[in-house]
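Q: I need the structure of the sequence given here:
(chains A, B, C and D)
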There are 2 protein chains.
Amino acid sequence: MNQSTNLKTARIEKISHLDYFNIAISVDCVILSYEDRRLRVLTMLSDLKEFAGLQSLLGDLVRPDEDLDSASYRVLLERTGLKDVYLRQVHTFGSVTRHPSGRVISTAYYALINGRHESLQLNDHALQWTPVKNLKKMAFDHKAILDTCLKTLREQVMDHPVVFNLLPGKFSLRQLQDVYETILSQELDRRNFRKKIVLKDWLTDLDEMEVDVPHRPGRLYAFREPSIKPISSVF
Amino acid sequence: MNQSTNLKTARIEKISHLDYFNIAISVDCVILSYEDRRLRVLTMLSDLKEFAGLQSLLGDLVRPDEDLDSASYRVLLERTGLKDVYLRQVHTFGSVTRHPSGRVISTAYYALINGRHESLQLNDHALQWTPVKNLKKMAFDHKAILDTCLKTLREQVMDHPVVFNLLPGKFSLRQLQDVYETILSQELDRRNFRKKIVLKDWLTDLDEMEVDVPHRPGRLYAFREPSIKPISSVF
DNA sequence: TCAAAAGTGTTGACTTTACACCCATGA
DNA sequence: TCATGGGTGTAAAGTCAACACTTTTGA
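A: Next up is the predicted model:
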């Protein structure tokens, strides 16, 4: 086999732009919140006739003058009003046929937010918090994107302090455990969970107690580090 | 804050293409081989004056009619003549300034190949196998891409049977351990390594022995499953 | 017979799991 | 006083890390 053609690496400037700048790139955000022992994802009804009645994730095309990561932060800000959010790139989906009306490659991010955040402001009535378990089918390849993000989240959650972004500033260990159980879809032993979590040194004991609960109040904790982490720090 | 503008999700068809189809997308491949107790990556000298003297990874623009994954397979085939190769998407790099001559977003893949594969055929004299340890600086953001891929490889290597792609079909446990030690940059205890690897059930004992070695010959093993895995299977 | 690497088991440290009872609060 | 969840420790099992001697081959 001999392929002496097509060796174009790093020679953008020598290629006809007309041929190649014909693919759009977008970001899609899996924006997750936790409430009522359920993970919910922010979705909207697709307005493409191909996907009539199906929910889609929130995304947008990347602008020529914005970084890829910035585009996902922008989507999040535009849709939720939230600025400092845990956001993580997961995977890029680039099948030729994934978008019915053109070639669009999309990079998926997931964001974890507190659904009761004071500055949360959903500015479009079409937006809804859909329990992830209810989503069997979505527009485009968004179900695959969602599943991939959830898988990544599950892989991360025991080793990285990310779930705190789903909770209010003060929370009890029971609330924390509920979040873990929901994400991992499995029950955890209370004593073992507490030991493990405390060992990780992610928590500050606030020396406060729950109030107005119909049972013995639990201690309240806060996440030790700021729960906002820029995604780009590692790269 | 009120952002009622810019809610364009999934409405490609309503946007002026001229504004947005102005970003190119490429793939960059970190093609790794193992020899001489060193990991080597396939590089070429950058021909951009901005990066004179620096090595770059192998990549190419994605064509409008090919899947993102296919593009990385194509780069690999064009550059090495190899068809069935372990290839994995790692991360997408999208800084506005990463390419000096235009906006190019690039998805990074790593590939593991056997540097002595019979059909390996480097068809460009500019290509070289550079030991990864020697690369302090590269063209574009390729050093960051390389480091990210190596980090991902290190995270995967104990849990996924990927290193076999770096070795010939028959290998001794010592060779296998050498590869692990090289990737992880740490020495491993021989007895513990053997126990752990055998437990994983990745190997077939070939009932053959090394020949022509200046010491007691070791048993030869083969990887149990085909060492070729399509990357897209999970998604 | 020497040099080089192959092959092999046990022990202690640590981690993980399983498991049950009493306590504080609101209704 | 009852219902609800809070809070706590221990023992057994499993995993991981450290460690040394004998064997087989080619030179």
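Q: what about the strands in chain A?
A: Assigned by DSSP state E, the strands in chain A fall at A:24-35, A:38-45, A:55-56, A:58-61, A:86-93, A:104-112, A:127-131, A:171-172, A:203-209, A:219-223.
Q: so which of these is nearest DNA strand D?
A: For the strands of chain A, distance to DNA strand D was read as C-beta to the nearest atom of the strand. The smallest value, 3.5 Å, belongs to strand A:219-223. (Glycine included, C-beta is placed from N, CA and C.)
Q: partners of the closest one, with directions?
A: strand A:171-172 (antiparallel), strand A:203-209 (antiparallel) (DSSP bridges).
Q: would CSV of these with mean neighbour count and distance to A:H215 be doable?
A: Shown next, in CSV, are the strands paired with strand A:219-223 (neighbours: other C-beta atoms under 10 Å in any protein chain shown; distance: least, C-beta to C-beta, whole Å):
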stretch, mean neighbour count, distance to A:H215
strand A:171-172, 20, 11
strand A:203-209, 12, 12
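Q: near DNA strand C, which residues of chain A are found?
A: A:189-192, A:195-196, A:209, A:211-217 (C-beta under 7 Å from any atom of the strand).
Q: packing partners for the helix ranked longest in chain A?
A: Identified as the longest helix of chain A according to DSSP state H is helix A:142-156. If you count contacts as 3 or more C-beta pairs under 8 Å, 6 or more residues apart in numbering or on different chains; DSSP states H and E, helix A:142-156 packs onto strand A:24-35, strand A:86-93, strand A:104-112, helix A:173-184.
Q: what sits up against that helix?
A: A:28, A:30, A:32, A:39, A:41, A:55-57, A:88, A:90-91, A:93, A:106, A:108-110, A:112, A:132, A:135-138, A:162, A:183-184, B:234-235 (C-beta atoms under 8 Å, 6 or more residues apart in numbering or on different chains).
Q: can I get the CA coordinates of stretch A:150-168 in PDB?
A: C-alpha atoms of stretch A:150-168 as PDB (Å, rounded to 0.1, in the frame of the first residue of the first chain):
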ATOM      1  CA  LEU A 150     -23.400   9.800  33.200                       C
ATOM      2  CA  LYS A 151     -20.900   7.000  32.800                       C
ATOM      3  CA  THR A 152     -18.000   9.500  33.200                       C
ATOM      4  CA  LEU A 153     -19.700  11.000  36.200                       C
ATOM      5  CA  ARG A 154     -20.100   7.600  37.900                       C
ATOM      6  CA  GLU A 155     -16.500   6.900  37.200                       C
ATOM      7  CA  GLN A 156     -15.300  10.100  38.800                       C
ATOM      8  CA  VAL A 157     -17.600  10.500  41.700                       C
ATOM      9  CA  MET A 158     -15.800   8.400  44.300                       C
ATOM     10  CA  ASP A 159     -12.400   9.900  43.500                       C
ATOM     11  CA  HIS A 160     -13.100  13.500  42.800                       C
ATOM     12  CA  PRO A 161     -15.000  16.000  44.900                       C
ATOM     13  CA  VAL A 162     -17.600  16.900  42.300                       C
ATOM     14  CA  VAL A 163     -21.000  16.000  43.800                       C
ATOM     15  CA  PHE A 164     -20.900  19.000  46.200                       C
ATOM     16  CA  ASN A 165     -21.900  21.100  43.200                       C
ATOM     17  CA  LEU A 166     -25.300  19.400  43.300                       C
ATOM     18  CA  LEU A 167     -25.900  20.300  46.900                       C
ATOM     19  CA  PRO A 168     -26.600  23.500  48.800                       C
END
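Q: let me see the mean pLDDT of that stretch.
A: For stretch A:150-168, the mean per-residue pLDDT is 96.
Q: so where is chain A shaky, pLDDT-wise?
A: Scanning chain A with the threshold set as pLDDT under 70 gives A:1-21, A:226-235.
Q: get me the contact residues on it for DNA strand D.
A: Checking chain A against DNA strand D by C-beta under 7 Å from any atom of the strand, the hits are A:172-174, A:190-192, A:194-195, A:214-219.
Q: what about 10 Å?
A: Within chain A, the positions lying close to DNA strand D (C-beta under 10 Å from any atom of the strand) are A:172-178, A:189-195, A:198, A:205, A:209-210, A:213-221.
Q: filter those down to the buried ones.
A: Buried members of the residues of chain A next to DNA strand D, counted by 16 or more other C-beta atoms under 10 Å in any protein chain shown: A:172-173, A:175-178, A:193, A:210, A:220-221.
Q: farthest pair within these?
A: A:F193 and A:E210 (17.6 Å; C-beta to C-beta).
Q: neighbours around the nearest residue to A:G81 once chain neighbours are set aside, how many?
A: Once flanking residues are discounted, A:G81 sits nearest to A:Q121: 3.7 Å by C-beta to C-beta, 6 or more residues apart in numbering or on different chains. Each residue near A:Q121 was counted by other C-beta atoms under 10 Å in any protein chain shown, and the total is 13.
Q: for the one 3 residues further on, same thing?
A: As a burial measure, A:D124 scores 14 neighbours (other C-beta under 10 Å).
Q: same question for A:P100.
A: Residues lying near A:P100 (other C-beta under 10 Å) number 15.
Q: distance check, it against A:I25.
A: Applying C-beta to C-beta, to the nearest Å, the value for A:P100 to A:I25 is 17 Å.
Q: same question, A:T204
A: For A:T204, the distance to A:I25 - C-beta to C-beta - is 41 Å.
Q: isn't A:D124 right up against A:L42?
A: No: applying C-beta atoms under 8 Å, one finds A:D124 not in contact with A:L42, separated by 10.1 Å.
Q: about what we covered before: tell me the most buried of the helices and strands packed on helix A:142-156?
A: strand A:104-112 (a mean of 26; mean count of other C-beta atoms under 10 Å in any protein chain shown).
Q: what is it packed up against?
A: strand A:24-35, helix A:68-80, strand A:86-93, helix A:142-156.
Q: taking helix A:142-156 as reference, get the angle to that strand.
A: With axes from the mean of the first three to the mean of the last three C-alpha atoms, to 10 degrees applied, the angle from strand A:104-112 to helix A:142-156 works out at 40 degrees.
Q: partner strands of strand A:104-112, parallel or antiparallel?
A: Per DSSP bridges, strand A:104-112 is paired in its sheet with strand A:24-35 (parallel), strand A:86-93 (antiparallel).
Q: which residues touch the last one?
A: To tie it back to what came earlier, the one meant is strand A:86-93. Here strand A:86-93 has contacts from A:28-30, A:68-69, A:72-73, A:76, A:105-113, A:141, A:144-145, A:148-149, A:152, A:162, A:165, A:227-229, A:231, B:68, B:89, B:91-92, B:107, B:235, using C-beta under 8 Å, 6+ apart.
Q: is it possible to get JSON lines of the strands of chain A that adds distance to B:Q156?
A: Shown next, in JSON lines, are the strands of chain A (distance: least, C-beta to C-beta, whole Å):
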{"stretch": "strand A:24-35", "distance to B:Q156": "23"}
{"stretch": "strand A:38-45", "distance to B:Q156": "26"}
{"stretch": "strand A:55-56", "distance to B:Q156": "31"}
{"stretch": "strand A:58-61", "distance to B:Q156": "28"}
{"stretch": "strand A:86-93", "distance to B:Q156": "15"}
{"stretch": "strand A:104-112", "distance to B:Q156": "20"}
{"stretch": "strand A:127-131", "distance to B:Q156": "32"}
{"stretch": "strand A:171-172", "distance to B:Q156": "33"}
{"stretch": "strand A:203-209", "distance to B:Q156": "30"}
{"stretch": "strand A:219-223", "distance to B:Q156": "29"}
